[in-house]
Structures are given as C-alpha cells and as structure tokens.
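Student: Coordinates for the following, if possible.
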Amino acid sequence: MKKLLFTILILFSFITNIFAEETIGYINGTDVNFRNKPSLNSKVISQLNRPEEIIILDIVVTSDIKYKYWYKIKTKENEIGYIYYLLVVTDPKLIGSDLNKSLKEVIFYDSKLGPIKFSNKIPITIKLLKKIFPEHKVTKGIGQGDSPDFYYFGVSKENKKINISSFIQNEDYNQNNINIDLLAINSNEIKDQYGLSVGDTYKDIIRKRKGELVIRNSHHDKTIGKDQIYYSIWGNFDNKSYADVSPVDIPNEQVIKHNWEITSISWPSPIW
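Tutor: Just a heads-up that it's a prediction; the model follows:
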C-alpha cells in the first residue's frame, strides 16, 4: 500500500460503527461465563450456550493485556454483563467455528500508552480506536489503488501514524464486521515484541530477530521479517540511477552495505 497512489475518502457515510447502536451477536461456546465485570476475577452471573442470541452494547478495553477485549452484552432476559470477545460472533455463519484456529494477535509497546494488543477477530471502529488511542486523531474511509478496495482507518498524533486496512468483502460496501487485514506502524514511539521500531537498521533487525531472515522485493518496498511481523526498509545506494527504479531492481547487497533503516512495521503480512 505504501508509495502507491490511492484515494482516501475520509468519513464515508456508509461505513458503520457497528456498536453505535445495539447489534445482534451469538454465543459461540458451551457453558460460557457471563460476568458482572470485564475480568476473569469477576462474579459469574450465569452461563450461556451456543447459539444463544444476545445484544452487543459495546466493546470494553481493559488493562489486562492477556484478556484485553470484552463485549458488554444484554441477554434475552435483559440482564447486562460481559463476555470475553472470542466467545461471541456477530455472523451467524460462524456459530460453531473455532475462532482460535484463525486467530492472530500481536502486542506492540507504545512509549506513552504502554502495551497495545491487536487482534484480527475484534471488529475495528472509530469508537474502539479512540478508546485504545485516547487524544489521537482517528479517521476512516475507503482506499483504492493497485489492490482491491479496502476500508482504511488512520490513527495519528504529532509524528505518530498508524494505518489499519481491511479488504472490502461486500459489493455494496456496506460491511458491518471490519477486521484487520493489515496493520502498519510509522512511528519510532512504538516498538514491536523484539524491541524494534522505525529508525532502527538492518543490522538491528538481524541482531534482535536472529534466525534466517530473507529480504523480499515488491514494486513498492523491500521488506524483511517473518512470523507475522515485517519491516519495510529504505536507505542509500551506490548507483544514483536506483532512485528512479523499482526496489525489485535494486540489489539486496545495497541493503546490507548501507545498513538500511526501518520505515514502517507491519502485521500480520508485509505492506501491500
């Protein structure tokens, strides 16, 4: 997505905040604890079972990094409480599926906000991002370019910028569940689990990541990484003509020789 021409239509009216109003959800488990607070240490009100229909009132962001996200729900008996987010689905087609099999989670560390957890199973909304990133500017829109159209969320504050993208699945662009397909971090204030951030170098990556890492080439970037965390890198080169060619045509030896720097960190795949 980086360095390609795309159009961002900010505040597109038909992108819905799925929890701005009451939303239908379904219990996806057996003997699921329905609690009076969003915590494993809280009182169990009752136990619910698949495929019971519930009303999702909100997503709660807690300080517990392991069990970060909870749904605030209302049952058919009009009781209000909390259920851990992986035990609820909003698409009836997913009832009975094991979300853990396709679950992707990652933790980044913000120098001011502390650890921040992202998941590909939590619906992304402006409201949720404002909870995670208080006092940050949050925008949303539609992105278009040399990839399929995608929903776009931007989080920014001063020199910090985070982009979240999700491929559009519905032809009418009216999609309720917007999950993360790509997270891109452009800030030296946020480190990954290896202690790497924007501005660190190729040598830093090799030293901290260890193991075999391969430099990948695309029309827009050179990237390096594995295990769902990737680094876009850029730097100097010997031949000035390389400034006008695709990264594919720049020898990887230039990365090593000039110790290129990280320009962005992405999860769970390289930047498109």
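Student: domain ranges for this protein?
Tutor: Listed by automatic domain parsing, the domain ranges of the chain are 23-89, 101-191, 202-267.
Student: Could I get the average pLDDT for the first one?
Tutor: This means domain 23-89. Here domain 23-89 scores 97 as its mean pLDDT.
Student: ditto for the longest one
Tutor: The average pLDDT within domain 101-191 is 89.
Student: Quick one: end-to-end distance for that domain.
Tutor: 27 Å (C-alpha to C-alpha, to the nearest Å).
Student: quick one on the thing from earlier: can I get the domains of the chain in CSV including distance to Ile95?
Tutor: Quick note: C-beta positions are derived from backbone N, CA and C, even for glycine. What follows is these, written out as CSV (distance: least, C-beta to C-beta, whole Å):
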stretch, distance to Ile95
domain 23-89, 5
domain 101-191, 14
domain 202-267, 27
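Student: Including mean neighbour count, could those go into JSON lines?
Tutor: Putting the domains of the chain into JSON lines (neighbours: other C-beta atoms under 10 Å) gives the following:
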{"stretch": "domain 23-89", "mean neighbour count": "16"}
{"stretch": "domain 101-191", "mean neighbour count": "17"}
{"stretch": "domain 202-267", "mean neighbour count": "16"}
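Student: Kindly indicate whether Lys131 is helix, strand or coil.
Tutor: Secondary structure, DSSP: H, G, I helix; E, B strand; the rest coil: Lys131 is helix.
Student: mind starting the numbering at 876 from now?
Tutor: Got it, first residue is 876 now, which makes that one Lys1006.
Student: what's across from the spatially closest residue to it that is not a sequence neighbour in the sheet?
Tutor: Nearest non-adjacent residue to Lys1006, counting by C-beta to C-beta, 6 or more residues apart in numbering: Val936, 4.7 Å away. Beta-bridge partners of Val936, counted by DSSP bridges, are Tyr944.
Student: quick one, what contacts Val936?
Tutor: Listed by C-beta atoms under 8 Å, 6 or more residues apart in numbering, the contact set of Val936 reads 943-944, 1003, 1006-1007.
Student: One more pass at 7 Å, please.
Tutor: Taking C-beta atoms under 7 Å, 6 or more residues apart in numbering, we find Val936 in contact with 943-944, 1006-1007.
Student: Serialize the residues you listed to CSV and add fields for distance to Tyr1027.
Tutor: Listed next are the contacts of Val936 as CSV, based on distance: C-beta to C-beta, whole Å:
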residue, distance to Tyr1027
Lys943, 23
Tyr944, 22
Lys1006, 19
Ile1007, 17
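Student: In those residues, find the pair that's most separated.
Tutor: By the measure C-beta to C-beta, Lys943 and Lys1006 form the most distant pair in these, at 10.8 Å.
Student: Looks like Ser1062 contacts Val1073 (just checking).
Tutor: Yes: taking C-beta atoms under 7 Å as the definition, Ser1062 is a contact partner of Val1073 at 5.9 Å.
Student: on contacts alone, who are the packing partners of the helix or strand where Lys1015 lies?
Tutor: Taking DSSP states H and E as the criterion, Lys1015 maps to strand 1012-1018. Contacts defined by 3 or more C-beta pairs under 7 Å, 6 or more residues apart in numbering; DSSP states H and E place strand 1012-1018 against helix 1001-1007, strand 1025-1032.
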